[in-house]
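Visitor: Give the three-dimensional model of this entry:
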Amino acid sequence: MSDEARRLKPVDVVVVGGGWAGSIMAKEMTEAGRSVVMLERGPDRSTAADGAYPASIDELEANFRYKLFQDLSKNTVTIRNNANQTALPYRRMAAFLPGEGVGGAGLHWSGVHFRIPPDDLRLRSRVIEKYGAGFIPEGMNLQDYGVTYEELEPFFDKAEKVFGTAGEAYKVNNEVVGQGNVFSPSRSDHFPLPPLKDVYTAHLFRKAATEAGFHPYSLPAANASQQYTNPYGVQMGPCNFCGYCSGYACYMYSKASPNVNILPVLRRHPLFELRPDCHVLKVERDSTGTRATGVTYTDADGKVVTQPAEMVILTAFQFHNVRLMLLSGIGKPYDPVRNEGVVGRNFVYQNVTTSTVWLDPKVETNQYIGAGGGGVAFDDFNSENFDHGPLGFVGGSPVWVNQAGVKAIAGAHAGGPPGTPRWGSAWKAGMIDTYRHSLRIDAHGANMAYRDVYLDLDPTWKDAYGQPLLRMTFDWKDNDIRMNRYVVDKIGDVAKAMGARDVHLTKREFGSPFDTRQYQTTHLGGGAVMGTDPQTSALNRYMQSWDVHNVFVIGANAFPQGTGYNPTGMVAALAYWAAHHIRTTYLAHPGPLAG
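Guide: Here you go, the predicted structure:
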């Protein structure tokens with residue numbers, strides 16, 4: 001095929017990735033009168049097809065064969081614990097589960113929908129104010145976001161209204177209005193919907209946490225507690241607590257997803273075009289290297305195509321955004337030896353462990369019932385809500401019961417209380433005991449950024465298109481292990497108040513490396529972070545590349561360090577924040593939005 005035949009008609013905006021961030025940005029750009037092409041490397045997906053009942057609630061297909069997830073045989077990451085090791089490809093879903101297809105991971109996420117704590121947005125400044133610069137451990141790359149909660153608040157509010165988020169506020173316009181999270185900042189409005197009802201384990205946890213002296217609240221959930229119509233005119237049905245959220249398209253249309261909440265309207269817009277099965281290879285730049293001219297991708301027929309565009313917005317999953325920047329030469333690659341460069345810097349994960357509490361055999365916990373975002377949490381040891389001074393670590397963790405529905409195969413995998421044999425009739429009895437009479441409590445902690453934890457291009461391994469895989473160098477650090485162990489001890493206090501007959505507290509162990517064989521979470525962040533200093537951030541505070549002004553990069557890649565909360569709420573708010581500044585400033589005067 002000739003170069004001219006491969007080059008398509010220019011459009012105003014090309015959006016790379018069809019998940020939450022991509023759908024938000026495409027909607028905002030079409031509203032601004034710009035023509036938009038969205039490229040999604042996976043297949044087209046819809047709730048009507050992929051959430052069709054009863055075929056969609058197949059645990060084996062969804063949670064063990066990963067029907068809606070990324071094809072790791074074509075593209076994956078390589079992983080090592082430190083720079084002295086040789087990284088190997090991650091070919092079997094386990095530690096984290098990236099999505100693929102229209103809707104991205106937003107189609108099959110759980111639905112927990114938080115606003116980031118204000119202190120987390122300026123964590124470096126806050127730690128220095130409270131404890132002094134010497135409190136920050138050597139090798140920790142602690143940074144501020146460069147944006148405040150007050151600036152983001154209208155966009156958190158907008159995202160919640162689009163998602164149909166259920167929850168209970170504590171303060172609205174600085175007035176105490178309810179029994180929400182006492183540590184949360186004031187809001188400009190209530191949640192769009194009241195909180196989901198407590199399942200029985202959440203009820204027990206709320207009562208025990210209160211007795212232990214903590215401050216429980218209902219998890220904010222993008223699972224509709226009532227019928228709801230969002231600002232785009234899209235309708236949602238009420239959640240029925242079926243338990244088929246994480247890994248599934250919601251057949252009730254109750255769980256927020258790009259496919260339910262945005263794409264039905266976006267697909268009908270005359271300025272929007274969706275192209276599934278299109279794998280983007282690189283962002284093209286002009287001869288100066290400071291302006292993007294479009295993207296090159298392989299289409300559904302395997303042909304290489306160039307799509308010219310006035311603006312390129314990367315909205316893929318966290319590590320795919322970072323990899324595209326590296327493959328495209330946008331931003332200086334990070335060098336951990338010199339602690340210089342920005343693309344690949346400050347890669348972070350989520351520091352999660354789950355403990356199990358067994359109750360009296362007369363107490364039925366009904367674990368098959370659940371909603372992905374439902375549950376009860378307390379934030380007494382999250383963010384800067386407690387005194388870290390005598391504890392010697394940075395960061396924190398919310399604690400919660402988030403019973404999302406334990407299904408048959410997963411229930412059998414859980415086994416029994418400590419000491420239960422791994423086979424035979426005693427194993428069967430223990431497994432039934434766990435399924436019927438236990439509950440799980442999560443310490444959902446933050447993971448800080450470190451100089452020697454980073455992303456780069458692997459020198460050996462390539463994907464199906466002949467391009468280098470992204471290499472992940474990651475391990476747990478003592479700071480984060482200390483934090484986890486401290487918070488998990490508080491779970492023991494709650495279990496005692498609950499009258500537990502047995503408890504298995506799961507704590508990180510010093511010296512135990514990151515294990516890719518065990519699921520932890522899909523909350524990966526950093527690698528192309530936002531900030532106010534181009535020496536330590538790849539993006540300015542408006543999610544715009546410092547080096548190529550018509551490239552914006554939206555995703556959890558922008559997080560300078562981890563947070564105790566799930567990332568989706570923050571990603572959505574940052575997307576609306578960036579879109580606002582593109583629409584109000586950039587489109588009229590293209591160029592850097594920050595100097």
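
Visitor: how far away is the nearest residue to E153 once chain neighbours are set aside from A578?
Guide: Setting aside the residues directly before and after it, E153 is nearest to S188 in space (Cβ to Cβ, 6 or more residues apart in numbering), at 6.0 Å. Placement of C-beta: from N, CA and C, glycine included. S188 sits at a distance of 20 Å from A578 (criterion: Cβ to Cβ, to the nearest Å).

Visitor: of these two, who's got more company?
Guide: Neighbours per residue, other Cβ atoms under 10 Å: of S188 and A578, the larger number sits with A578, 28 against 10.

Visitor: Wait, the more buried one touches N540, no?
Guide: No. A578 lies out of contact with N540 (Cβ atoms under 8 Å); the separation is 10.1 Å.

Visitor: coming back round to it: pretty sure the residue nearest to E153 contacts K158?
Guide: No. With contacts counted by Cβ under 8 Å, S188 stays clear of K158, the gap being 10.2 Å.

Visitor: Can I get the lengthiest helix in the chain as PDB, trimmed to CA atoms?
Guide: Selection of the longest helix in the chain by residue count, based on DSSP state H, yields helix 478-497. Taking Å, rounded to 0.1, in the frame of the first residue of the first chain, the C-alpha atoms of helix 478-497 are listed here in PDB:
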ATOM      1  CA  ASP A 478      10.000  -1.100  54.000                       C
ATOM      2  CA  ASN A 479       8.000   2.100  54.400                       C
ATOM      3  CA  ASP A 480       4.900   0.600  52.800                       C
ATOM      4  CA  ILE A 481       5.300  -2.700  54.600                       C
ATOM      5  CA  ARG A 482       5.500  -0.800  58.000                       C
ATOM      6  CA  MET A 483       2.300   1.100  57.000                       C
ATOM      7  CA  ASN A 484       0.500  -2.100  56.100                       C
ATOM      8  CA  ARG A 485       1.400  -4.000  59.200                       C
ATOM      9  CA  TYR A 486       0.300  -1.000  61.400                       C
ATOM     10  CA  VAL A 487      -3.100  -0.700  59.800                       C
ATOM     11  CA  VAL A 488      -3.800  -4.500  59.600                       C
ATOM     12  CA  ASP A 489      -3.400  -4.600  63.400                       C
ATOM     13  CA  LYS A 490      -6.400  -2.300  63.500                       C
ATOM     14  CA  ILE A 491      -8.400  -5.000  61.700                       C
ATOM     15  CA  GLY A 492      -7.600  -7.200  64.600                       C
ATOM     16  CA  ASP A 493      -9.300  -4.600  66.900                       C
ATOM     17  CA  VAL A 494     -12.400  -4.700  64.700                       C
ATOM     18  CA  ALA A 495     -12.500  -8.500  64.600                       C
ATOM     19  CA  LYS A 496     -12.300  -8.600  68.400                       C
ATOM     20  CA  ALA A 497     -15.200  -6.200  68.700                       C
END
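
Visitor: The helix or strand following that helix pairs with which strands, and in what direction?
Guide: Sequence-wise, the next helix or strand downstream of helix 478-497 (DSSP states H and E) is strand 502-504. The pairing partners recorded for strand 502-504 under DSSP bridges are strand 351-358 (antiparallel).

Visitor: ok so, going back, what's the longest helix of the chain packed up against?
Guide: Contact partners of helix 478-497 among helices and strands, from 3 or more Cβ pairs under 8 Å, 6 or more residues apart in numbering; DSSP states H and E: helix 200-211, strand 351-358, strand 399-401, strand 438-445.

Visitor: pLDDT (mean, whole number) over the third one?
Guide: Across strand 399-401, the average pLDDT comes to 99.

Visitor: Show me what it is in contact with.
Guide: Contact partners of strand 399-401, identified using Cβ atoms under 8 Å, 6 or more residues apart in numbering, comprise 201-202, 204-205, 209, 214, 219, 375-378, 380-381, 439-444, 487, 490-491, 494.

Visitor: what do you get if the cut-off is 6 Å, keeping everything else the same?
Guide: With contact meaning Cβ atoms under 6 Å, 6 or more residues apart in numbering, strand 399-401 is reached by 201-202, 205, 375-378, 441-443.

Visitor: next one: the second one
Guide: Here strand 351-358 makes contact (Cβ under 6 Å, 6+ apart) with 417, 437-445, 447, 480, 484, 491, 495, 500-506, 520-521.

Visitor: Now, of those, which are buried?
Guide: With neighbours counted using 16 or more other Cβ atoms under 10 Å, the contacts of strand 351-358 contain these buried positions: 417, 437-445, 447, 480, 484, 491, 495, 500, 502-503, 505-506, 520-521.

Visitor: Please save the CA atoms from stretch 308-323 in PDB.
Guide: Once side chains and other backbone atoms are set aside, the C-alpha atoms of stretch 308-323 remain, and they are given as PDB (Å, rounded to 0.1, in the frame of the first residue of the first chain):
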ATOM      1  CA  PRO A 308      -3.500  12.800  11.000                       C
ATOM      2  CA  ALA A 309      -5.000  15.000  13.800                       C
ATOM      3  CA  GLU A 310      -4.600  18.400  15.300                       C
ATOM      4  CA  MET A 311      -4.600  17.000  18.800                       C
ATOM      5  CA  VAL A 312      -3.700  13.600  20.200                       C
ATOM      6  CA  ILE A 313      -5.200  12.500  23.600                       C
ATOM      7  CA  LEU A 314      -3.800   9.300  25.100                       C
ATOM      8  CA  THR A 315      -6.400   7.700  27.300                       C
ATOM      9  CA  ALA A 316      -5.300   4.000  27.400                       C
ATOM     10  CA  PHE A 317      -4.600   2.000  30.600                       C
ATOM     11  CA  GLN A 318      -1.900   3.400  32.800                       C
ATOM     12  CA  PHE A 319       1.100   1.400  31.500                       C
ATOM     13  CA  HIS A 320       0.000   1.600  27.800                       C
ATOM     14  CA  ASN A 321       0.000   5.400  28.000                       C
ATOM     15  CA  VAL A 322       3.500   5.400  29.400                       C
ATOM     16  CA  ARG A 323       4.700   2.900  26.700                       C
END
